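1. The amino acid sequence is not available; the structure is as follows:
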Ligand SMILES: O=C(O)c1cc(C(=O)O)c2c(n1)C(=O)C(=O)c1cc(C(=O)O)[nH]c1-2
């Protein structure tokens with residue numbers, strides 16, 4: 001689907017109603033609502049991703065994506081550390097802590113952030129420039145910081161619910177690996193290492209988070225907060241791609257100081 005077709009489809013799509021009924025939902029009813037939010041709002045639908053996975057971007061545009069996405073990667077373990085500080089129960093912390101180590105690394109595992117830097121290295125971006133985050137666009141910084149602040153400020157249940165976009169991540173990761181390998185001659189298997197690894201990690205993460213949310217959101221009010229948290233998170237992801245599209249696709253207005261191909 002082209003960007004124009006996507007825009008036309010979204011203009012005529014029926015509204016998404018995420019109101020939880022006053023009597024509340026069953027745990028499976030809540031899961032169905034969350035899956036509906038993902039089906040309608042996840043960033044796999046964003047035109048920028050269609051361009052990326054379809055090989056319709058130039059190498060400098062792919063560099064801009066990888067450079068900006070580094071800030072999301074670097075925010076995730078900070079977010080998970082903030083979330084863990086809200087877990088008064090040791091068993092829950094023990095369940096969650098591998099998510100932190102998945103990104104920062106532990107023992108022989110170098111972790112996701114280093115795997116991401118291997119991608120930016122191979123794309124020709126200097127590591128100190130990437131790690132400094134000097135070149136990211138403002139929209140990336142504000143969206144990622146909003147996610148971190150959301151988790152800091154909201155309840156543990158809302159924080160866990162906001163991670164549930166990962167329910168939909170394995171699909172987009174597979175699409176990205178195969179699409180980018182097939183469509184860009186400057187991408188190879190090693191550069192997709194971050195996503196290949198996530199294919200095994202994300203399903204395990206969401207199993208726990210989804211079970212937790214279904215067990216703990218037992219009132220209509222709590223279920224509404226969960227649905228709202230997931231919606232918020234889809235907006236965190238969407239806003240990053242809107243900003244990238246605006247700066248590096250069209251109209252091509254790059255903020256002062258941001259990476260210029
Ligand atoms: O490539 C993607 O589209 C994508 C999306 C998401 C997501 O849905 O938030 C995550 C990831 N990747 C990812 O790699 C990752 O480690 C991750 C952690 C989280 C989270 O909210 O805790 N989301 C995501």
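-> Everything's here; your move. Everything quoted here is computed from the prediction, not taken from an experiment. Numbering: from 1, shown residues only.

2. From now on I want contacts and neighbour counts done on CA atoms only, so please keep to that.
-> Fine.

3. Would you map the helices across the stretch 1-150 of the chain?
-> Chain-ordered helices for the stretch 1-150 of the chain, with DSSP state H, counting those that start in this stretch as the definition, fall at 3-12, 27-41, 47-53, 59-84, 90-104, 112-122, 127-132, 138-153.

4. Out of these, which gets nearest to residue 210?
-> Ranking the helices of the stretch 1-150 of the chain by their distance to residue 210 (criterion: CA to CA) puts helix 27-41 first, at 7.8 Å.

5. So which elements touch the closest one?
-> Secondary-structure packing of helix 27-41 (3 or more CA pairs under 8 Å, 6 or more residues apart in numbering; DSSP states H and E): helix 193-216, helix 220-248.

6. Near the ligand, which residues of the stretch 151-261 of the chain? Just list them.
-> On the criterion CA under 6 Å from any ligand atom, the ligand has as its neighbours in the stretch 151-261 of the chain the residues 163, 165, 166, 169, 172, 173.

7. nearest to residue 240, of those?
-> Proximity of those to residue 240, judged by CA to CA, is greatest for residue 165, which lies at 14.5 Å.

8. Could you give the number of residues near the closest one?
-> The burial metric for residue 165, expressed as a neighbour count using other CA atoms under 10 Å, is 22.

9. Same check on residue 18?
-> Number of residues near residue 18 (other CA under 10 Å) recorded here: 14.

10. Same question for residue 67.
-> With neighbours defined by other CA under 10 Å, the count for residue 67 comes to 27.

11. Give me the nearest residue to it, chain neighbours excluded.
-> If the residues on either side of it in the chain are set aside, residue 67 comes closest to residue 130, at 6.0 Å by CA to CA, 6 or more residues apart in numbering.

12. measure that neighbour to residue 119 for me?
-> Residue 130 sits 11 Å away from residue 119, going by CA to CA, to the nearest Å.

13. Equivalent analysis for residue 25, please.
-> As defined by CA to CA, residue 25 lies at a distance of 43 Å from residue 119.

14. Looking at the two now, which is surrounded by more residues?
-> Under the criterion of other CA under 10 Å, the comparison of residue 25 against residue 119 puts residue 119 first, with 23 against 20.

15. Surely that one is in contact with residue 189?
-> No - no contact is recorded between residue 119 and residue 189 when judged using CA atoms under 8 Å, the distance being 10.2 Å.

16. Tell me how many other residues crowd residue 21.
-> Neighbouring residues of residue 21 were enumerated by other CA under 10 Å; the total is 11.

17. Provide a list of residues in contact with the nearest residue to it once chain neighbours are set aside.
-> Setting aside the residues directly before and after it, residue 21 is nearest to residue 220 in space (CA to CA, 6+ apart), at 6.8 Å. By CA atoms under 8 Å, 6 or more residues apart in numbering, the contact list for residue 220 reads 20, 21, 22, 23, 24, 25.
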